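**Q** no FASTA, just this:
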């Protein structure tokens, strides 16, 4: 079920000091919730389950991987089976195995992507594993105080201080603490467990503490031009150096392509596994007959961009790109998505 951003009634912004923030998170963890937060190891910052709140890093501009793994794991067992005397016994997905989880420290571009994921996984019929995880996750976002040349959230409808998707949004106010915006009832419930750690925040404005991220193109114009360019040579031009490695899909917070694999044990038992995949892979659309409707990389590049910027808005009323810039940072051949989208605006 899609998480709804319904603001609690009559809840004013709060303020929490850095010391109280650590105490609050420690209390959340001690209550039995798993906390996934940015952790820096070997020079890279990524989301992982923390054993101590002292592991959490807040100094990065962007994590290498997104936070989507909290609701869409890299690999996930859907069910197990065992052959028994000519019959097959199934052990279905068990929602009781999903822990209550707080994803802390994700930026607004990551929080907004959960709406895109919900649109994909719950289009037509609800995806049980995804929906159960969404019911058990609370998203505590942190506004962006810095950006880099790869960030373009404001070009696709986002903002460094957007509360879209978060249950709670923190904004760093100087070096001492955070403005706390309580966005949903789920967020309010988390705050109320340690209400004494939060103070009134009268008169504090977050705008001056946010990163500057001017819009680089009109996404409406890009969508219009892109929708009419299916047969254009621009797809070949842009994808000329793409090697189909899938890095862009694996770091993207809104990509949801997956494959289903059989993990057979050889003794009549096995598991059905869902794992991340990418529409940029040459095997993604390969038919058993040997036919591939997207046999060249330019067709796969076209599908990726049209799906995110045209098909998803038309069918799901949400874009499949939040402007996080991870695809451009991770690309081994230096393809820059924002620059490619600007090309369409100039057509």
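**A** Okay, I see it. Computed from a predicted model, the values in this text were never measured in an experiment.
**Q** wait, doesn't residue 68 sit right on residue 111?
**A** No: using CB atoms under 8 Å, residue 68 makes no contact with residue 111, being 10.8 Å away. The C-beta positions use only the backbone N, C-alpha and C, and glycine is treated the same way.
**Q** These two: who's more crowded?
**A** Each of residue 68 and residue 111 has its neighbours counted (other CB atoms under 10 Å); residue 111 has more, 27 against 24.
**Q** next helix or strand past the helix or strand harbouring that one?
**A** In the assignment (DSSP states H and E), residue 111 maps to helix 108-121. Going down the chain from helix 108-121, the next helix or strand is helix 128-135, by DSSP H and E.
**Q** Touching that next one from outside, list them.
**A** Residues from elsewhere that reach helix 128-135 (CB atoms under 8 Å, 6 or more residues apart in numbering): 1-3, 70-72, 76, 78, 93, 95, 98, 101, 114, 117-118, 121-122, 274.
**Q** list the contacts for the nearest residue to residue 219 once chain neighbours are set aside?
**A** Distances taken as CB to CB, 6 or more residues apart in numbering put residue 156 closest to residue 219, at 5.0 Å, once the chain neighbours are dropped. Listed by CB under 8 Å, 6+ apart, the contact partners of residue 156 are 219, 319, 321, 322, 323.
**Q** Can you tell me what sits against the helix holding residue 111?
**A** By CB under 8 Å, 6+ apart, the residues outside helix 108-121 that reach it are 2-3, 66-68, 71-72, 127, 130-131, 134, 139, 141, 143-144, 151, 153, 158-166, 169, 253-254, 256, 312, 316-320, 322-324.
**Q** Test my guess that residue 74 contacts residue 276.
**A** Yes: using CB under 8 Å, residue 74 is in contact with residue 276, at 5.3 Å.
**Q** Which one of these two is surrounded by more residues?
**A** Shown here are residue 74 and residue 276; by other CB under 10 Å, residue 276 has more neighbours (19 against 12).
**Q** Need the per-residue pLDDT for the spatially most central residue of the chain.
**A** Residue closest to the mean C-alpha point of the chain, counted by CA atoms, centre = their mean, is residue 253 at 3.0 Å. pLDDT recorded at residue 253 is 98.
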